[in-house]
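Colleague: Provide a 3D model corresponding to the input given below.
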Amino acid sequence: MKVIRQEISLGFSLEIDTPTGHHVLAATVPGSIHTDLIAAGIIGDIRTTGSEAEQEWIRNANSTYRATIPPTGAGNHELHFAGLDTLATVSINNQVKLETENMHRSYSIDVDATKEIDLQIDFKAPLPEA
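Modeller: Got it, this is the predicted structure:
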């Protein structure tokens, strides 16, 4: 069997409630919530212009990443996740397919790639769940 790997990294958005309101932002995948918030100008970079105090709210915020993946054809397909943050729920076309509690491992799920895939990854805020 021939295996073809294709990284899906374009077309992601981040949805999050911040102290300044509800935001839907362009997201970089792979990446992190912090780098997406920095790119959107919501927080400063803690290494240069930001402060730890302005970022404390993030540990209490739920967030959602979304993307639509176009059909890629017949055959067996899987989505491979290498490093989802600790508490994540992955949904495909509004059906929960995976719930995670370990950020130190990878996960794979089978998908039907003959149809458009609406991918949604909900991340629970780490602090309230700890």
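Colleague: C-alpha from now on. contacts and neighbour counts both.
Modeller: Fine.
Colleague: Spell out for me which residue occupies the centre of the chain.
Modeller: Nearest to the geometric centre of the chain sits Tyr65, at 4.0 Å (C-alpha atoms, centre = their mean).
Colleague: Quick check: bridge partners of the nearest residue to it once chain neighbours are set aside?
Modeller: In this structure, Tyr65 finds its nearest non-sequential neighbour in Leu14, 4.6 Å apart by C-alpha to C-alpha, 6 or more residues apart in numbering. Taking DSSP bridges as the rule, Leu14 bridges to Leu25, Tyr65.
Colleague: low-scoring stretches of the chain, by residue?
Modeller: The model of the chain has pLDDT under 70 over residues 1-4, 128-130.
Colleague: can you map out the helices along it?
Modeller: Ranges of helices within the chain are 33-39, 52-55, 126-129, based on DSSP state H.
Colleague: how about the residue nearest to the centre of the chain, what does it touch?
Modeller: Listed by C-alpha atoms under 8 Å, 6 or more residues apart in numbering, the contact set of Tyr65 reads Phe12, Ser13, Leu14, Glu15, Ala27, Gln120, Ile121, Asp122.
Colleague: try it again with 7 Å
Modeller: Phe12, Ser13, Leu14, Glu15, Gln120, Ile121, Asp122 (C-alpha atoms under 7 Å, 6 or more residues apart in numbering).
Colleague: thought the first one was touching Leu25?
Modeller: Looking back up the chat, that one is Phe12. No: contact criterion C-alpha atoms under 7 Å: Phe12 and Leu25 do not qualify, at 8.7 Å.
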